[in-house]
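Undergrad: let me see the structure of the following:
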Amino acid sequence: MKKENNQELMEKIVSLCKRRGFVFPGSEIYGGLANSFDYGPLGVELKNNIKNLWWKRFVHKRDDLIGIDAALIMNPKVWQASGHLETFSDPLAECKKCHHRFRADKIDGKKCPDCGGELTASKQFNLMLKTFLGPVEDAENTVYFRPETAQAMFVDFKNVLDTTRKKIPFGIAQIGKAFRNEITPGNFIFRTREFEQMEIEYFIKEEEWGEVFEMWQEEMWFWMTDVLGLNKKNIHELNVPEKELAHYSKKTIDFEYEFPFGKDELYGLAYRTDFDLKNHYKEPPYEDAETGEKFYPNVIEPTFGVDRSVLAVLCDAYTEEKDRVVLKLKPSLAPYKVAIFPLLKNKPELVAKAREVYNMLRKEFNVAFDDRGNIGKRYYSQDEIGTPFCCTIDFDTLENDTVTLRDRDTTKQERIKILEISTCIKKQL
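TA: Predicted structure coming up:
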């Protein structure tokens, strides 16, 4: 199916997500909460698979990266030093007629997109999500939920150095929640006020930044196309114009994906210079072991949105064929790796054998068990949630320990030994 920019396709994906347990509207039984979403049983598996693959590739498989997991709420002085309290804002315009509010840089013209009324002049709106610590709600107890995961990696830089003895170039990685009081969140899980990031701060010497920037550019392309399986034709690079750069950035590339609602940012790659470490440390925090020189390392920052990764993967995988809907997820991302079916529910010996195979395979993989309805409907049900393989236990299984293994994408079926199922699955992961 051609991935066109249309509302109908987006509605189909959102409907599938709720119907099959990928993403639910948050607080739904109480009328919901605007742009708040919960990941259901299948959604959390897909999301965790993405995060685990990211951590394995960028932390476990590299000698030059280590991870941390920092607090969501930090001392407000962190945000003062980083410049967020002063500069982390978007232009806000309000309609004088309906009083709806919009990001001024995301609308065309001077009329309200909802009612056609006149808009006010834009003013800057700080995106930091404010709360209070302690029993008194006053200025002294005001704190902020972090709007990015990056600052903790800068604040903990010296602690990481002291405990790991790493030498530059090296990086710190983190996966975690961030919060932004967005003016106009929307497009399902694309832009929400609570979201999750996979982020790296890679510390280098200033003269190395161009080469390292290109290295991470290639790494991000590999992640998107080879690990997530996104179609390269749906991804575009945007060199962010100088006047639109964040206050800390000297160069930024946005990786944009062609979502059904249009082309928009998926990931970002920024050269943050030495801005952050200089603002957090009065003296250079790094000393070259060979020369004794003390200096502020420069930083390359690859940023990966978890929720946007999930959405891009779902959009790219969603396929309508003649008689079925199939999520052609990479097997490594699929919530279930294989589904086990007894041919008939009312034959205890088949059900017992199917349970035996199910219990064997679930020691290695996340496995589904389904004995509802006919086999054809069960196949299509698993196709719709992206399960790469379906395994049917029938009467021949009882005789010779063979099963029918069906491939999701080709729908071809192969008769194999029970002990060969695991090997067949692993070849696709």
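Undergrad: let me know how buried Asn231 is, in neighbour terms.
TA: Using other CB atoms under 10 Å, Asn231 has 15 other residues around it. Placement of C-beta: from N, CA and C, glycine included.
Undergrad: and Thr184, helix, strand or coil?
TA: Reduced to three states with DSSP: H, G, I helix; E, B strand; the rest coil, the structure at Thr184 is coil.
Undergrad: relative to Leu245, how far out is it?
TA: Noted for Thr184: a distance of 22 Å to Leu245, by CB to CB, to the nearest Å.
Undergrad: likewise Pro260?
TA: Taking CB to CB, one finds Pro260 at 29 Å from Leu245.
Undergrad: of these two, give the one with the bigger neighbour count.
TA: A count of neighbours by other CB under 10 Å puts Pro260 above the other of Pro260 and Leu245, at 21 against 14.
Undergrad: surely the more buried one touches Phe190?
TA: No: look at Pro260 against Phe190 with CB atoms under 8 Å: they stay out of range, at 10.2 Å.
Undergrad: now the element after the helix or strand of the chain with the lowest mean pLDDT, going C-ward?
TA: When the helices and strands of the chain are scored by mean pLDDT, DSSP states H and E, strand 123-126 comes last with a mean of 77. Next in sequence after strand 123-126, counting helices and strands by DSSP states H and E, comes strand 129-132.
Undergrad: which SSE is immediately downstream of that next one?
TA: Downstream of strand 129-132, the next assigned helix or strand under DSSP H and E is strand 142-145.
Undergrad: can you tell me the strand partners of that next one and which way each runs?
TA: According to DSSP bridges, strand 142-145 forms sheet pairs with strand 73-74 (antiparallel), strand 129-132 (antiparallel).
Undergrad: what's next to that strand, contact-wise?
TA: Applying CB atoms under 8 Å, 6 or more residues apart in numbering, the contact partners of strand 142-145 are 72-76, 79, 84, 128-133, 178-179.
Undergrad: which pair in the residues you listed spans the largest distance?
TA: Distances among the contacts of strand 142-145 were taken as CB to CB; the most separated pair is Phe132 and Ala178, at 19.3 Å.
Undergrad: and those two? Which one has more around it.
TA: Ranked by neighbour count (other CB under 10 Å), Phe132 and Ala178 place Ala178 first, with 19 against 13.
Undergrad: so, low pLDDT: which residues of the protein?
TA: 1-5 (pLDDT under 70).
Undergrad: that one: helices as residue ranges?
TA: For the chain, the helices defined by DSSP state H cover 7-20, 41-55, 76-82, 84-87, 150-155, 157-164, 209-222, 275-280, 306-317, 348-361, 375-385, 395-400, 421-426.
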